[in-house]
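[1] I'll drop the sequence and a predicted model, then ask my questions.
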Amino acid sequence: MQKKILTIKNLNVTFSTPKGPFHAVKDINFSMGVEKIGVVGESGSGKSITSKSVLGLLRKPTLIEADEISFHDMDLRNLDNTQWRKIRGRKISMIMQDPHYSLNPIMSVGKQIMESYLTHHKVSKTEAKAKTLEMLELVRINNPERVFDAYPHEISGGMGQRIMIAMMLIPQPELLIADEPTSALDVSVQNQILSLINEMVTRRNMGLIFISHDLNLVSRFCDRVLIMYRGRIVDECPASELHASKHPYTQGLLNCVPSLDHKKKRLEVLNREKLRSFE
Ligand SMILES: Nc1ncnc2c1ncn2[C@@H]1O[C@H](COP(=O)(O)OP(=O)(O)OP(=O)(O)O)[C@@H](O)[C@H]1O
């Protein structure tokens, strides 16, 4: 049997809000090995909160309850900051949606990528810089020497996404959580980045959780898909069978995807009445 990288059993997340408790993530169960798992679902369905729970990024008073969240054999519940520092970035990395929130505004982007490498590898600065320039090239940055010295406000959104990807991949994590990692990139750069991520999965045995609104991309790129609705996983299928799913919510999502074949057809709106039984 394939070795498990991540196992989640009965994960529930409840926020405390001025209007009372809000149960954002409900009874999530899944496990994964060296594979690419796509997570889809409309905005607010709980995709990011599920990922943030895995990385211990939610703080009290938010209530995170789970029977199990384990990475290989390690229990990720209740780790302290020192233990998290050894895992975040090094073993589990997350590429966030907006690079401008994730990059340090007062440090050059090259230094940030280099630091990410040096934190986890005992090498000289010269070696780390060479590795950083190599990584910048791998994420298709032209003129890496110049970009190395740029500050986050000097770079475009698309370049920022590639820099985030470089920073997260350089330590060679065992699990990568990528939240809309290529949304600001044009199709050719997107394909190159996806092939780089794919290579990390196949050659370095990395597991990938790929959060996206792009159902066509997920069905093409991933191995398996989890479909979330209102905090729950309501459907799960091999990625190649996503378009054939019989689940009403998945069908609803698929019907909202613009298609070149149906240019004149009006885009459908999800029928919420039909979906009440999944809440
Ligand atoms: N700090 C918070 N306090 C209260 N509710 C929150 C908080 N953070 C997120 N939520 C709510 O939790 C739910 C799940 O949010 P989450 O960010 O996981 O959605 P998502 O599926 O990732 O959406 P998107 O695709 O837009 O990123 C949403 O209803 C959101 O409003």
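    Nice, I can see it. Residues are numbered from 1 along each chain as shown.
[2] Now Ser93. Its backbone dihedrals?
    In terms of degrees, to the nearest 10, the main-chain angles of Ser93 are phi -120, psi 150.
[3] cool, Gly33 as well?
    Main-chain torsions, Gly33, degrees, to the nearest 10: phi -120, psi -140.
[4] Tell me how far it lies from Glu174.
    11 Å (CB to CB, to the nearest Å). Placement of C-beta: from N, CA and C, glycine included.
[5] what is in contact with those two at once?
    Each of 5, 207 lies in contact with both Gly33 and Glu174 under the rule CB atoms under 8 Å, 6 or more residues apart in numbering.
[6] more crowded one of the two?
    Shown here are Gly33 and Glu174; by other CB atoms under 10 Å, Glu174 has more neighbours (20 against 15).
[7] contacting residues around the more buried one?
    5, 71-72, 91-92, 205-207.
[8] Now with 7 Å, please.
    Taking CB atoms under 7 Å, 6 or more residues apart in numbering, we find Glu174 in contact with 5, 91, 206-207.
[9] Can you tell me which residue is spatially central in the chain?
    Using CA atoms, centre = their mean, the residue of the chain that lies closest to the mean C-alpha position is Ala178, 2.1 Å off.
[10] Settle this for me: Arg230 is touching Ser43, isn't it.
    No - using CB atoms under 7 Å, Arg230 is not in contact with Ser43, being 11.4 Å away.
[11] the more surrounded of the two?
    Taking other CB under 10 Å, Arg230 and Ser43 do not tie; Arg230 has more neighbours (19 against 7).
[12] Can you give me the distance of the more buried one to Tyr249?
    On the measure of CB to CB, Arg230 and Tyr249 end up 9 Å apart.
[13] got it, and Arg59?
    Distance from Arg59 to Tyr249, counting by CB to CB: 31 Å.
[14] who's more crowded, the two?
    Regarding Arg59 and Tyr249, a neighbour count based on other CB under 10 Å identifies Tyr249 as having more, with 23 against 7.
[15] distance of Val222 from Cys256?
    No, residue 222 isn't Val; it's Cys. Cys222 is 19 Å from Cys256, where distance means CB to CB.
[16] neighbour-wise, which of the two wins?
    Using other CB under 10 Å, the more surrounded residue of Cys222 and Cys256 is Cys222, with 23 against 14.
[17] Do you know the pLDDT at that one?
    If you check Cys222, the pLDDT there is 97.
[18] And the closest residue to it other than its chain neighbours, which helix or strand is it part of?
    Spatial nearest neighbour of Cys222, chain neighbours left out: Gly38 (3.6 Å); criterion: CB to CB, 6 or more residues apart in numbering. Element membership of Gly38 [criterion: DSSP states H and E] is strand 36-40.
[19] which outside residues touch that strand?
    47, 201, 208-213, 215, 218, 221-228, 239, 253.
[20] Please apply the same query to stretch 183-201.
    34, 36, 138-140, 157-158, 161-162, 165, 169, 182, 206, 208, 221.
[21] separation between Arg220 and Ser212?
    11 Å.
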